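Asker: just need the structure, nothing else, for what follows:
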Amino acid sequence: MPTSGTNRIDGAPPARGASRLFLALVALLVFALPLTAQPESPVPKQESPLAKAGGLLIEGKPQALAEAANALKSTPLGAAENLLTALCLFHAAQFDDAARYLRRAMAANPDVLASEPALSQRMPQADITARLNELAPKVVDDPELCFLAGAMVMLTGDKARALPLLVRAEELAGTDSHAGSLAARLAATPFSDRNRERATNALRAGGFDDAARCFAFAALDSPTVAEHYAGSALALALAGDMPVATRMLELAMARARYERLLPWLRDLRVSPLAAFKATAAARKPALASASLADLRVAAAAGLAGGLYQTCRDAILAALLRDKLDVFTHELIRFLDNQQLYRDPPGLAPPESDQPALPDAPARPDEPVPAVDALEEARKLIRRLEFTEALKVLEPLVAREPKNPKPLLLVFVAYVGRVEPQPASDALESWFAMVPDADRTRLNQLRELFDRAEHFSQWRRILLTLREADPNAALPRLLNAFVELSAGGYAAARQETQVALIGAPDNEMLRQMARILAKDEFQRDASPPTVTDRPTAKTLLGQADALFRRGEYESARTELLKAQDTNPKEPRLSEALLRVYVALGDYQRAARQAESLLAEQNIAERNATDFSFSLEAGYDNRDAFNQHLAALQKAAAERTSAADEYLLLGVIQFSRGQWKEATAALTEWKGLARDRKLNPALLKLLEAAGKKG
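Answerer: Next up, the predicted model:
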């Protein structure tokens, strides 16, 4: 390999089998580091251990590590303390420990390296070169040392050589959020943006094949950047390759930081006419059959082309497929926050592949009602998906900073991610906003988890943090509140007293001590047991019993819980259809009837294979007759009663009342002439006509 010229890395990250090539790259990388002058005089020593350690490290003295350890004892979770300890360990050639403390620093503050000065201002340049020479042979197959080498080289200012090391570290580890975040930051620098700029220009100019190729090269250069995959997905969708486009968007979602990705999509400014071609899944005739993946691509294309109403239509259809889809939730929040509602005026391209539709009435310039973010976050926490829960909660906290409800969930999610400092910030904010009655409510944390073992698993994180540093106040503060919530007042009192030694001015600890000094908290409570979350089948059985007793609202509540637990539970659509008919909610009942037909695949099978009995859920025959009569009356009285006649046709067909089924489904077909007719219902109509 030549030693002259510019050592530059282009193309894909090194493959696992290229160890020799990668080792040579690292050696070149290290020996090519420029030498800079050592500072003429050390920074004057300060009184604090942190400042003393920094001054000794600048001088290259080994005593710096002892002073850094003293600084770490006083603030074990501090980002600056852990980072300085990592640098001292690197200087002492203790590379494994240096990588560990560097990760602790990034866990406390992910942006800690962004404000860090050049490494030559921390230690002598000669020592830096010597340590990197020692480290170079060890990084080829060791993800931790590869991560450390990438971070240290980045601090020397050589970003072009740091990026391959960080990408290699992520490749070796399988997934590495710390290496990935640093690589993403480096990939945003001008040296790696050439392909993205060319791709963006091609996308705006209509050169979709060129755009897809350039975005692919950009992804190879910087494989952790979500925008490269999202741009590739758009280019492929505009070129007509939807299967690959949906896969590329999935890759983008796996790497996305939505606060950066969504503004980037909005600012692409793709031609609206071009973008319209990629949004076929969002147009009304195709909504019923479009997949969730296609709807995501349609929504992204709508945002990039300024088709904001089309984007919203795709989002709402996607939420019907998956109520917890994070991408669509983030997208609709972004549209609401930016007040983006309408498609461009006058956009009416031909749709030769779609049936003609009547003009839709203009929609008011109002935001779509937001999904209940708190309830969605609770569901994610019950599934132990703490990162996804934070994505839902953080925008809510930003919009409603004085609302305490999301803060307690934020605390739980950060503990689940083993991030104690932000967990403490959220808990202390919540504690300051609520009265004592809320602070001391029994089992409020246990209730957030489906099962006792899930709660124990989450709680074990706090115990591990406390045992790792028994003198630190922060883990004891968090554990004190958990003990208080569980009714363990003696343990909570002990944790509070120990934590107050290290943080005597902490307001939450002082309030905890005041509460626990009251008479009612001198003996541990025996809180009521929180049972594990029942299965969908159990909830379905409870709903059936409630329905037979005529408690229809309660039955619906149990069925919706069952739907959240397992939406594919057998007989769920049948039970929901029955309860919606009993409640007179015929629109939802009609949708459940269509779901039932789809589950039984009647469009592809014989109509006589359809199996459903509305009467089977009733013990009281009179109640069944009353509900059927109410449905018939509603159908007769309404001028547009397509849903009512659909229900009547399905119910009468299932009862073998062929003439009544034929009449009802004929009425439905006439009223629904502007809609895409369900082929399963048409098959029922044909079969009923033959039998009648």
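Asker: can you give me phi and psi for V498?
Answerer: phi -70, psi -40 (degrees, to the nearest 10).
Asker: mind checking pLDDT for it?
Answerer: V498 is assigned 87 on the pLDDT scale.
Asker: and T156, how close does it get to G60?
Answerer: 16 Å (C-beta to C-beta, to the nearest Å). C-beta: built from backbone N, CA, C; applies to glycine.
Asker: these two: which has the busier surroundings?
Answerer: Per other C-beta atoms under 10 Å, whichever of T156 and G60 has more neighbours is T156, with 21 against 16.
Asker: dump the residue contacts of the more buried one.
Answerer: If you count contacts by C-beta atoms under 8 Å, 6 or more residues apart in numbering, T156 has them with L33, A118, L119, S120, I128.
Asker: that one and Q125: what is the separation?
Answerer: 9 Å.
Asker: these two touch, right, N566 and A536?
Answerer: Yes. Using C-beta atoms under 8 Å, N566 is in contact with A536, at 3.7 Å.
Asker: okay, and the common contacts of the two?
Answerer: In contact with both N566 and A536: L572, using C-beta under 8 Å, 6+ apart.
Asker: of these two, who's got more company?
Answerer: A536 (20 against 14).
Asker: surely that one touches T565?
Answerer: Yes. A536 is in contact with T565 according to C-beta under 8 Å; the separation is 4.3 Å.
Asker: for the contacts of T156, which two are the farthest from each other?
Answerer: L33 and A118 (11.7 Å; C-beta to C-beta).
Asker: quick one: list the elements packing against the helix or strand harbouring F276.
Answerer: Take DSSP states H and E as the rule and F276 turns out to sit in helix 272-277. Judged by 3 or more C-beta pairs under 8 Å, 6 or more residues apart in numbering; DSSP states H and E, the packing partners of helix 272-277 are helix 226-238, helix 292-304.
Asker: any idea how far the last one is from the chain center?
Answerer: Think helix 292-304. Offset of helix 292-304 from its chain centre (C-alpha atoms, centre = their mean, to the nearest Å): 17 Å.
Asker: please apply the same query to stretch 259-277.
Answerer: The answer for stretch 259-277 is 21 Å, by C-alpha atoms, centre = their mean.
Asker: next one: stretch 81-88
Answerer: Worked out by C-alpha atoms, centre = their mean, stretch 81-88 lies 32 Å from the chain centre.
Asker: tell me who's in contact with the residue positioned nearest the centre of the chain.
Answerer: Geometric centre of the chain, nearest residue: E388, 3.2 Å, by C-alpha atoms, centre = their mean. Contacts for E388 (C-beta under 8 Å, 6+ apart) come out as V326, L380.
Asker: quick check: phi and psi on it?
Answerer: Torsion angles, degrees, to the nearest 10, at E388: phi -70, psi -40.
Asker: could you do D111 as well?
Answerer: According to degrees, to the nearest 10, D111 has phi -100, psi 20.
Asker: residue contacts, R198?
Answerer: Counting by C-beta under 8 Å, 6+ apart, R198 has contacts D210, C214.
Asker: the nearest residue to M106 once chain neighbours are set aside: what secondary structure?
Answerer: Counting by C-beta to C-beta, 6 or more residues apart in numbering, H178 is the residue found nearest to M106 once chain neighbours are left out, at 4.9 Å. Secondary structure for H178, judged by DSSP: H, G, I helix; E, B strand; the rest coil, is helix.
Asker: my guess is H178 contacts R103. True?
Answerer: Yes. Using C-beta under 8 Å, H178 is in contact with R103, at 5.8 Å.
Asker: joint contacts of the two?
Answerer: In contact with both H178 and R103: F147, using C-beta under 8 Å, 6+ apart.
Asker: report the buried residues of stretch 405-414.
Answerer: K405, P406, L407, L408, L409, V410, F411, V412, A413, Y414 (16 or more other C-beta atoms under 10 Å).
Asker: could you dump these into TSV with secondary structure and pLDDT added?
Answerer: Converted to TSV, the buried residues of stretch 405-414 look like this (DSSP: H, G, I helix; E, B strand; the rest coil; pLDDT from 0 to 100):
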residue	secondary structure	pLDDT
K405	helix	89
P406	helix	92
L407	helix	93
L408	helix	94
L409	helix	93
V410	helix	93
F411	helix	94
V412	helix	94
A413	helix	92
Y414	helix	91
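Asker: okay, these in JSON lines with distance to M512 next?
Answerer: Shown next, in JSON lines, are those (distance: C-beta to C-beta, whole Å):
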{"residue": "K405", "distance to M512": "21"}
{"residue": "P406", "distance to M512": "22"}
{"residue": "L407", "distance to M512": "17"}
{"residue": "L408", "distance to M512": "15"}
{"residue": "L409", "distance to M512": "20"}
{"residue": "V410", "distance to M512": "19"}
{"residue": "F411", "distance to M512": "15"}
{"residue": "V412", "distance to M512": "18"}
{"residue": "A413", "distance to M512": "22"}
{"residue": "Y414", "distance to M512": "19"}
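Asker: any idea how far the residue nearest to the centre of the chain lies from A226?
Answerer: Distance from E388 to A226, by C-beta to C-beta: 16 Å.
Asker: and for stretch 499-511, what's in contact with it?
Answerer: Taking C-beta under 8 Å, 6+ apart as the rule, stretch 499-511 contacts 427-428, 431-432, 439, 471-474, 476-477, 480, 496, 513.
Asker: now it: buried residues?
Answerer: A499, L500, A503, N506, M508, L509, Q511.
Asker: again, but for stretch 333-348
Answerer: Here stretch 333-348 shows R333, F334, L335, D336, L340, Y341, D343 as buried, counting by 16+ other C-beta under 10 Å.
Asker: I'd like the mean pLDDT over the helix or strand that contains the fourth one, please.
Answerer: I take that to be D336. Using DSSP H and E, D336 sits within helix 326-338. The pLDDT scores in helix 326-338 average 85.
Asker: in the very next helix or strand once past it, what's buried?
Answerer: Following helix 326-338 in sequence order, the next helix or strand is helix 373-382 (DSSP H and E). Residues of helix 373-382 classed as buried: A373, E376, A377, R378, K379, L380, I381, R382 (neighbour count, 16+ other C-beta under 10 Å).
Asker: save these as JSON lines, and put in distance to T464 too.
Answerer: Formatted as JSON lines, these follow (distance: C-beta to C-beta, whole Å):
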{"residue": "A373", "distance to T464": "30"}
{"residue": "E376", "distance to T464": "29"}
{"residue": "A377", "distance to T464": "24"}
{"residue": "R378", "distance to T464": "25"}
{"residue": "K379", "distance to T464": "26"}
{"residue": "L380", "distance to T464": "23"}
{"residue": "I381", "distance to T464": "19"}
{"residue": "R382", "distance to T464": "22"}
